[in-house]
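> Fold the following.
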Amino acid sequence: MMNARTLLCVCLIVLASAALSAEKWVFLKDGRLCLSSLEGEQCIGRLAEGGAIEFSKDQVQGTRTPEQVEQAVDAMITEMVLGQNMEAHAGRFKVFRASAVPALLKHLAAKPLNERLSALYGLCFAWSPAALNPVMKAFRGSDAQVSTAAFNTLERNVQAAQLGALMKDLADDPDISKAALVFRAVEAAAPDPSLKRVKRLMVAAEGRSAVAPYLSHYFSLELVPGMLELLASAKVDEQRNAALGLIAASAADEKTRNAMSALLRNSDADLRQLAAEYFARTGGTDAVPLLENAVTAEQILYVKAAFEAALKVTKSRAAEHAAMQNTLSARWSSLNDKDTPIAKLRLCVDVLKNAPGTKDISKAQEVLRAAVQCEPQHWYSGKKPEWNELICARNSVERLLKRAPCGDLDAHDNNAAPPSEAAHFIPPIDGYFDAKRKSFGFQIPAAGGLFADSVHIGDDCGWHRDLCAIVATGSGIVRQMSYVPSWGHILVIEHTLPKGAKVCSLYGHVSPFIYVKEGERVEAGQKIASIGRANTIENGGYGAHLHFGIHEGAYNAGDWVCGYLSAVQFKYGHHGWLNPQAFLQEHK
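Below is the predicted model of the structure:
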């Protein structure tokens, strides 16, 4: 018999989303199971294994009564307790849907642990509102394995906001393991600006592991000690999350600088890139020799480009700070405690854009930290989120404080050298090519939400690699650098091919700390930006990734900049979008 822990792991690996409405189901004479209303002589049903089928009444072996459904569920649970046919039964539960819930709840109320875990697994696929309270009761119970399985069942069947509200009272549960589990649901609904919930969990190793994926959404220096503990973890994912958190918090204390300095020599290339991003944003004069040594020692083009970009920004910022007067702008006199956070941040932007002094820098840092402690998880919905204005204002202050080359997205290089021919092109990120990835030309299914039936015209790559370095794919001129709520930050570069034709490369969902100016000439392999943080306003509300596109022709005020086309436009229109992987292979 499979032990409970192994069964739980198997269940979690193969979980999928559940369908919610109930229909009668029938067995076809060829042995397949199908959902259908069975009206009329000819019927269309949905098969358990997916897809649709047309059949007549004489092809039906018979329907099942509620009693027969219960018998079928009992038989499946018996096999699942033994760890048998897990995926096959998942498909059957998708067909049974709500009709299987009463029988599954009977097994959930049983005493044997494996039977309860199997019932929770089945409820991931066969769900109805009647299951909510019994599964919540199982979650609130004392058995950790049942709680974990129940949580995953709820997470797959209950809206994030509702689930967060249902579990909010458990965020301070004395059991740190349960509080850590609940954190994921509550955090998805809304962050805790007081930081009480986060700080409590950061004290214990189990709690830190739960908080780690969300650290880049918190900007408080109070969390830095826990982040440094995570950075010392043996798990690379926890190290990356800690580094992202330290970058977001702009931690510049000696312990953090030393820890991030060590990452410059780490064996993991992505961690080295994160170290470069950290020093690009916070490094001072003392970071220059560290970055110079890192540039010399680095062998990977993309990591080297990250080090070079960080070195250039750090030197420029250090020179600017050295030239600043030790003054405080009179504009601060208009600052009022009753002002909204957005008003305070806009005042910071005004001061920082107009020849700030060193005291202005310190004052703006103080105002910034007080104005925004955290950023909620954001998912793209096609609507401007309510936090958009506040977070965009925060990003503006950050860019100006850290002297990002793009300024407040308004820097322009009027003295750039004329463009050279783009004799060859390289991938925009390390590890780009993947023959199995079919992002370009992928048609979204009819039930795909806002983009239903449309065709994707870029190549989505670099998934889950927040702040990974993005380089210019070929030499050219930066023509567009902007922010759009549905995209996040965007860059467009125009390239001239050897025979005079032009193409443009597009980079979407990037971080607001951009390394180039509009009008600037860039070279192939030069770092221009980083992948934006996951589920943030800065990247349009998506999981961390780069949308990379190639468009024929010269830049034309961006009127062709888009991510999707209708299926008809894509098939018959002269849209100009090229397959990025094929283009790079042809022009390497």
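
> give the contact list for the closest residue to Leu291 other than its chain neighbours.
Among residues not flanking Leu291 along the chain, Leu311 sits closest, at 4.1 Å (Cβ to Cβ, 6 or more residues apart in numbering). Using the backbone N, CA and C atoms, a C-beta is placed for each residue, glycine as well. By Cβ atoms under 8 Å, 6 or more residues apart in numbering, the residues touching Leu311 are 288, 291-292, 295.

> Helix or strand next in line after the helix or strand harbouring Leu311, which one?
Using DSSP states H and E, the element containing Leu311 is helix 301-323. Next along the chain after helix 301-323, taking DSSP H and E as the criterion, comes helix 341-352.

> got the buried residues for that next one?
Residues of helix 341-352 classed as buried: 341-342, 344-349, 351-352 (neighbour count, 16 or more other Cβ atoms under 10 Å).

> which of these lies closest to Leu328?
Proximity of the buried residues of helix 341-352 to Leu328 (Cβ to Cβ) peaks at Val351, which lies at 9.1 Å.

> Could you measure from that closest one over to Leu409?
Distance, Val351 to Leu409, using Cβ to Cβ, to the nearest Å: 18 Å.

> Please apply the same query to Met324.
Per Cβ to Cβ, Met324 is found 22 Å from Leu409.

> Show me which of the two is the more surrounded one.
Remark: of Met324 and Leu409, Leu409 carries more neighbours, 18 against 14, as counted by other Cβ atoms under 10 Å.

> Does that one touch Val478 like I think?
No - under the criterion of Cβ atoms under 8 Å, Leu409 lies out of contact with Val478, with a separation of 11.8 Å.

> What residues does Ser147 make contact with?
Contact partners of Ser147, counting by Cβ under 8 Å, 6+ apart, are 138-141, 178, 181.

> one more time with 6 Å
Phe139 (Cβ atoms under 6 Å, 6 or more residues apart in numbering).

> how close does it sit to Leu170?
Taking Cβ to Cβ, one finds Ser147 at 10 Å from Leu170.

> got a markdown table for the contacts of Leu311, with secondary structure and pLDDT too?
What follows is the contacts of Leu311, written out as a markdown table (DSSP: H, G, I helix; E, B strand; the rest coil; pLDDT from 0 to 100):
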| residue | secondary structure | pLDDT |
| --- | --- | --- |
| Val288 | helix | 98 |
| Leu291 | helix | 98 |
| Glu292 | helix | 98 |
| Val295 | helix | 98 |
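
> Distance-wise, check the residue nearest the centre of the chain relative to Tyr380.
The centroid of the chain falls nearest to Gly543 when counting by Cα atoms, centre = their mean (2.1 Å). Distance from Gly543 to Tyr380, counting by Cβ to Cβ: 10 Å.

> one step back: closest one to Glu206 out of the contacts of Leu311, please.
Taking Cβ to Cβ as the measure, Glu206 lies nearest Leu291 of the contacts of Leu311, at 35.9 Å.

> The closest one: what's it in contact with?
307, 310-311.

> okay, and for this protein, where does confidence drop off?
1-25, 31-33, 37-41, 48-50, 62-64, 558 (pLDDT under 70).

> quick one: contacts of the helix or strand where Phe55 lies?
Phe55 is part of strand 52-56, with elements assigned from DSSP H and E. With Cβ under 6 Å, 6+ apart as the test, strand 52-56 has contacts from 41-47.

> From Ala252, how far off is Gly357?
For Gly357 relative to Ala252 (Cβ to Cβ), the value is 19 Å.

> next one: Val397
16 Å.

> got the residue ranges for the helices in the stretch 451-588 of the chain?
Ranges of helices in the stretch 451-588 of the chain, per DSSP state H, counting those that start in this stretch, are 567-572, 580-586.

> any idea which of the ones you listed is most buried?
Compared across the helices of the stretch 451-588 of the chain, helix 580-586 shows the largest average neighbour count, a mean of 17 (mean count of other Cβ atoms under 10 Å).

> what about stretch 567-586, how long is it end to end?
Terminal residues of stretch 567-586 are spaced 26 Å apart (Cα to Cα, to the nearest Å).

> Kindly report the same for stretch 128-144.
24 Å.

> any idea how far it is from the chain center?
Relative to the chain's own centre, stretch 128-144 is displaced by 29 Å; criterion: Cα atoms, centre = their mean, to the nearest Å.

> got the buried residues for that stretch?
For stretch 128-144, by 16+ other Cβ under 10 Å, it's 128, 131-132, 134-136, 138-139.

> repeat for stretch 383-398
385, 389-398.

> how about the residues you listed in TSV, adding secondary structure?
Output for the buried residues of stretch 383-398, formatted as TSV (DSSP: H, G, I helix; E, B strand; the rest coil):
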residue	secondary structure
Pro385	coil
Glu389	helix
Leu390	helix
Ile391	helix
Cys392	helix
Ala393	helix
Arg394	helix
Asn395	helix
Ser396	helix
Val397	helix
Glu398	helix
